[in-house]
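Engineer: structural data only, the sequence is not supplied:
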Ligand SMILES: Nc1ncnc2c1ncn2[C@@H]1O[C@H](COP(=O)(O)OP(=O)(O)O)[C@@H](O)[C@H]1O
Ligand SMILES: [Mg+2]
């Protein structure tokens, strides 16, 4: 054990311990250390370091023999720390915080690997992030408890602080999972088209874990599909998320048309003007039909000129929504949402690349998928608990999350906000990636129990610290973090704020993947062929067959 200092005193009022630093090269602010005596260990966290004159009253208490000072040295390094945990060796018990206190003269040591074990600091072991002690990245890696997922995630940090990379590592850990498969399934709304590239290595020739839905899929990748959403799946509620439809007139009109279209399709009303030959879904029907002929079919409510105004306005709005991203909208029905729901329940992740579509359409797609997932999980939980128990938790990752979670959006009843507030009962969670956490609704922030905070500007660091337990002392440090450095609070997993350093995704892959058995070059996370070799194998099989 490496001795780094000795205790001066414990201030009960401030709940702070002060110690003389004897090894300046090791002790840093935001560092973890321990005070060890014969029967106890106190785990401490340094919150402040400063030089104090030796001539002062502090100087009179220091035991000079402990210091390798030059003659004439006038200052000593003096540290202030919080006690995180008291561990009693004799009966192997621990107290979060402390019941007794460290004493003057007790030695302060650097941590060892064993200190992170279950009985002691008890940090869950997963290859997620390195524990950081000050600026030093320790070899010890920590994660979180498997059931933390349902209490949501917030990954916040300034531009280029390493959010997207950390999100990929989180997804890597989630998808790799354990002997029971992935920890959760979900959907990633990817505004810059950057997630699949990092995650596709989790697919092997024999197993799909991540599916890429994009406008221009790589045709040779069997896990890439074209992103096409059937118009028939849209409900008036989804459309209201992106355009202001009048809730008194236009929205009920859309509902009426939607159910009318169903009746026509089921043959419950006669299709004497051949609606079905012109339109394959209710949205197209509104756009294509001539109000003079169509409105009387809906009954007397819409028979007057007001009805016509409503229909014209709805037509215009629908056309403008669709024309933005014509490529996305499929005229034919495909069971894409059903596929996503079933995949997510089994632990698959879907990267929805919305980088080349408009913000409105991206929002619409997000709303559509999130609504379906939430409805399905909630319905299952209520109606078929046994089946629901088999479902993996379902996550929805959104970047630039203020678009969904600002106070304004949250009070409008945005579905992502709704999931953030109510999802945990049904195992639906959000992963919120955000530059500016002060722009997120406070009630939403309070529901988020896993917070990864990378570098933030001071104003945002303050806002975040106000709504996060344990973290207050770090408010002044957060603005100075390097890329990938952060602090992790997971209230279901451990009881303090843990400084961490994330690996780059490619390094995480290197330490979690083996090599493909065939090319011996490409990484694969489960044993077997990489998808590249799987692809070649398939082509060869096809050739042999011809
Ligand atoms: N864990 C890390 N360690 C070292 N550098 C990192 C780390 N994470 C990110 N970076 C650097 O920061 C850049 C931006 O990372 P990114 O995850 O895209 O940030 P953000 O999403 O916050 O804008 C990366 O290209 C990389 O150079
Ligand atoms: Mg990013």
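Structural biologist: Done, it's in. This one's a predicted model, so the numbers in the text were calculated from it and none came from an experiment. Residues are numbered from 1 along each chain as shown. Ligands and ions are numbered 1, 2, ... in the order given.
Engineer: burial count for the spatially closest residue to residue 230 that is not a sequence neighbour?
Structural biologist: For residue 230, ignoring the flanking residues on the chain, the nearest one in space by C-beta to C-beta, 6 or more residues apart in numbering is residue 330 at 4.5 Å. Backbone N, C-alpha and C define where each C-beta goes, glycine included. If you count neighbours by other C-beta atoms under 10 Å, residue 330 ends up with 18.
Engineer: and residue 330, what does it touch?
Structural biologist: 228, 229, 230, 231 (C-beta atoms under 8 Å, 6 or more residues apart in numbering).
Engineer: what about ligand 1: which of those residues touch it?
Structural biologist: Among the contacts of residue 330, not one lies near ligand 1 by C-beta under 6 Å from any ligand atom.
Engineer: of those residues, closest to residue 125?
Structural biologist: Nearest to residue 125, judged by C-beta to C-beta, of the contacts of residue 330 is residue 229 at 40.8 Å.
Engineer: does the closest one touch residue 333 like I think?
Structural biologist: No: taking C-beta atoms under 8 Å as the definition, residue 229 is not a contact partner of residue 333, at 10.7 Å.
Engineer: the more surrounded of those two?
Structural biologist: The residue with more neighbours, out of residue 229 and residue 333, is residue 229; 22 against 12, by other C-beta under 10 Å.
Engineer: against ligand 1, how distant is the more buried one?
Structural biologist: Residue 229 sits 27 Å away from ligand 1, going by C-beta to the nearest ligand atom, to the nearest Å.
Engineer: which member of the contacts of residue 330 is positioned nearest residue 480?
Structural biologist: Closest to residue 480, out of all of those and judged by C-beta to C-beta, is residue 229, at 43.7 Å.
Engineer: look up the residues forming beta bridges with the closest one.
Structural biologist: Beta-bridge pairing for residue 229 (DSSP bridges): residue 329.
Engineer: average pLDDT for stretch 241-249?
Structural biologist: Mean pLDDT, stretch 241-249: 89.
Engineer: that stretch: which residues count as buried?
Structural biologist: Using 16 or more other C-beta atoms under 10 Å as the burial criterion, the residues of stretch 241-249 that qualify are 241, 242, 245.
Engineer: check stretch 144-155 too.
Structural biologist: Per 16+ other C-beta under 10 Å, stretch 144-155 contains these buried residues: 144, 146, 148, 149, 150, 151, 152, 153, 154, 155.
Engineer: next: stretch 34-47.
Structural biologist: Going by neighbour count (16+ other C-beta under 10 Å), the buried part of stretch 34-47 is 34, 35, 36, 40, 41, 42, 43, 44, 45, 46, 47.
Engineer: residues contacting the second one?
Structural biologist: Which is residue 35. Residue 35 touches 7, 17, 19, 41, 42, 44, 102, 106, 107, 108, 109, counting by C-beta under 8 Å, 6+ apart.
Engineer: what about 7 Å?
Structural biologist: When contacts are counted by C-beta atoms under 7 Å, 6 or more residues apart in numbering, residue 35 touches 7, 42, 44, 102, 106, 107, 108.
Engineer: so who does residue 374 touch?
Structural biologist: Counted by C-beta under 7 Å, 6+ apart, residue 374 has contacts 415, 419, 423, 428.
Engineer: in what helix or strand does the nearest residue to residue 1 once chain neighbours are set aside lie?
Structural biologist: Excluding the flanking residues, the one nearest residue 1 by C-beta to C-beta, 6+ apart is residue 109, at 4.7 Å. Using DSSP states H and E, residue 109 sits in strand 107-110.
Engineer: quick one: name whatever helix or strand follows that strand.
Structural biologist: strand 129-133.
Engineer: ok, back up a step: just the ones of the buried residues of stretch 144-155 in strands?
Structural biologist: In strands, judged by DSSP state E, the following of those are found: 153, 154, 155.
Engineer: out of those residues, who's nearest ligand 1?
Structural biologist: Of all those, residue 155 has the smallest distance to ligand 1: 8.5 Å, by C-beta to the nearest ligand atom.
Engineer: helices along the stretch 1-150 of the chain, start to end?
Structural biologist: Counting by DSSP state H, counting those that start in this stretch, the stretch 1-150 of the chain has helices at residues 57-61.
Engineer: now do the contacts for the one residue in it that gets nearest to ligand 1.
Structural biologist: Closest contact between the stretch 1-150 of the chain and ligand 1, by C-beta to the nearest ligand atom, is at residue 129 (8.6 Å). Contacts for residue 129 (C-beta under 7 Å, 6+ apart) come out as 141, 142, 488, 500, 501, 502.
Engineer: what bridges to it?
Structural biologist: residue 142.
Engineer: what about it, distance to residue 336?
Structural biologist: Remark: distance between residue 129 and residue 336 (C-beta to C-beta, to the nearest Å) = 34 Å.
Engineer: so which residue of the stretch 51-200 of the chain comes closest to ligand 1?
Structural biologist: Residue of the stretch 51-200 of the chain nearest ligand 1, by C-beta to the nearest ligand atom: residue 162 (2.9 Å).
Engineer: neighbours around that residue, how many?
Structural biologist: Neighbours around residue 162, by other C-beta under 10 Å: 23.
Engineer: pLDDT at the residue of the stretch 1-150 of the chain closest to ligand 1, what is it?
Structural biologist: 95.
Engineer: same check on the one 3 residues further on?
Structural biologist: Residue 132 is assigned 92 on the pLDDT scale.
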